[in-house]
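Undergrad: Next come a sequence and a model predicted from it.
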Amino acid sequence: MLIGLFVLFASYSYSCFFLVIEFQFQTSSPSLRSSLSFPMDWQGQKFAEKMMQIMLLVFAVIAFVAGYVLGSFQMMILVYAGGVTLTTLITVPNWYFLNRNPLNWLDPSEAEKHPNPQVAVSLKKKATKK
């Protein structure tokens, strides 16, 4: 029971810490924000998701085996909590290697030169049998 409360408190504190850091980062100067920002692309998101799923599964198996061999439910929970923490530290931040395929967005000045494409609407009605 005590370990469960500790894990709950630690995860809540961890999420609050990142919210405060994100808020301070958003309100900081643009030059600092651009130099520290590593936006994650679509392939990076897919890779991070796959890596997270694999790591959580591996740590669940390791925790189960450790808990079974040692006969300790507490050890199983501690091993899994450590695995979740490690997985979070590896997959949540926008690491630079997760942006290997950046998207090339259209420059705003270039977008103004080209109007929005018009969708061709067909007014022909299909013939219906009477």
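TA: Yep, that arrived. Numbering: from 1, shown residues only.

Undergrad: can we go C-alpha only for contacts and neighbour counts from here?
TA: Noted.

Undergrad: Who are the packing partners of the lengthiest helix in the chain?
TA: Ordering each helix of the chain by length in residues (DSSP state H) puts helix 42-70 first. Counting contacts by 3 or more C-alpha pairs under 8 Å, 6 or more residues apart in numbering; DSSP states H and E, helix 42-70 is packed against helix 73-91.

Undergrad: for Leu103, what are its contacts?
TA: Listed by C-alpha atoms under 8 Å, 6 or more residues apart in numbering, the contact partners of Leu103 are Asp41.

Undergrad: Go through the longest helix of the chain and flag the buried ones.
TA: Buried residues in helix 42-70, counted by 16 or more other C-alpha atoms under 10 Å: 44-45, 48, 52, 55-56, 59-60, 62-64, 66-67.

Undergrad: distance of the spatially closest residue to Asp41 that is not a sequence neighbour from Met55?
TA: The shortest distance from Asp41 to any residue other than its chain neighbours is 5.2 Å, reached at Asn99 (C-alpha to C-alpha, 6 or more residues apart in numbering). From Asn99 over to Met55 the distance is 20 Å, taken as C-alpha to C-alpha, to the nearest Å.

Undergrad: just Thr85 next, same as before
TA: Counting by C-alpha to C-alpha, the gap from Thr85 to Met55 is 11 Å.

Undergrad: In this structure Phe64 contacts Met76, no?
TA: Yes - using C-alpha atoms under 8 Å, Phe64 is in contact with Met76, at 5.9 Å.

Undergrad: hey, C-alpha coordinates of stretch 69-77 in CSV?
TA: Output of stretch 69-77 as CSV, limited to C-alpha atoms (Å, rounded to 0.1, in the frame of the first residue of the first chain):
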residue,chain,number,x,y,z
VAL,A,69,12.1,-16.0,-8.5
LEU,A,70,12.4,-13.8,-5.4
GLY,A,71,8.9,-14.5,-4.2
SER,A,72,8.3,-10.8,-3.7
PHE,A,73,5.5,-8.7,-5.0
GLN,A,74,7.2,-5.6,-3.7
MET,A,75,10.3,-6.4,-5.8
MET,A,76,8.1,-6.9,-8.9
ILE,A,77,6.5,-3.5,-8.5
